[in-house]
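*Asks:* Need the 3D shape of this:
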Amino acid sequence: MTRIDKLIDFYENAIYPLLPLSSQGFIDSDRFIDDDTMMVDDYLQFSLIHGVTIPEEILEETRLQILDAWDPEMTERTLGWLEKHRAKNAA
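*Replies:* Numbering: from 1, shown residues only. Below is the predicted model:
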């Protein structure tokens, strides 16, 4: 199982059930078009908006995945969500 597959498995099993149906719908559409980067970005965005805490080790693993394989625009966007999660977790 690749790094991205492990991350998506975590997000789908631990985070997805905690999100409202409207947010799940966006994630489902990303899954349907096989857009893993946008799906992870949406998990970060919607979990932050809806107060779902993501453990630091998952945030770090996500950061490593982003830096390793994503296009520059998505990297910048998703790193922004990661920083917001870390600030929330530190508060």
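
*Asks:* Please identify the helix or strand for Lys6.
*Replies:* Using DSSP states H and E, Lys6 falls within helix 3-10.

*Asks:* CA atoms only: put whichever helix in the chain runs longest into CSV for me.
*Replies:* As assigned by DSSP state H, the longest helix anywhere in the chain is helix 72-90. Extracted as CSV, the C-alpha positions of helix 72-90 are listed here (Å, rounded to 0.1, in the frame of the first residue of the first chain):
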residue,chain,number,x,y,z
PRO,A,72,2.9,23.5,-6.8
GLU,A,73,-0.5,25.1,-6.7
MET,A,74,-2.1,22.2,-4.7
THR,A,75,1.0,22.0,-2.5
GLU,A,76,0.6,25.6,-1.4
ARG,A,77,-3.1,25.3,-0.9
THR,A,78,-2.9,22.1,1.1
LEU,A,79,0.0,23.2,3.2
GLY,A,80,-2.2,26.1,4.2
TRP,A,81,-4.8,23.8,5.5
LEU,A,82,-2.2,21.8,7.4
GLU,A,83,-0.9,24.9,9.1
LYS,A,84,-4.4,25.9,10.2
HIS,A,85,-4.9,22.4,11.6
ARG,A,86,-1.6,22.6,13.5
ALA,A,87,-2.6,26.1,14.9
LYS,A,88,-6.0,24.7,16.0
ASN,A,89,-4.3,21.6,17.6
ALA,A,90,-1.8,23.8,19.5
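
*Asks:* related to what we said a few turns ago, tell me what the helix holding Lys6 is packed against?
*Replies:* Under the contact criterion of 3 or more CB pairs under 8 Å, 6 or more residues apart in numbering; DSSP states H and E, helix 3-10 touches helix 36-49, helix 56-69. (Glycine included, C-beta is placed from N, CA and C.)
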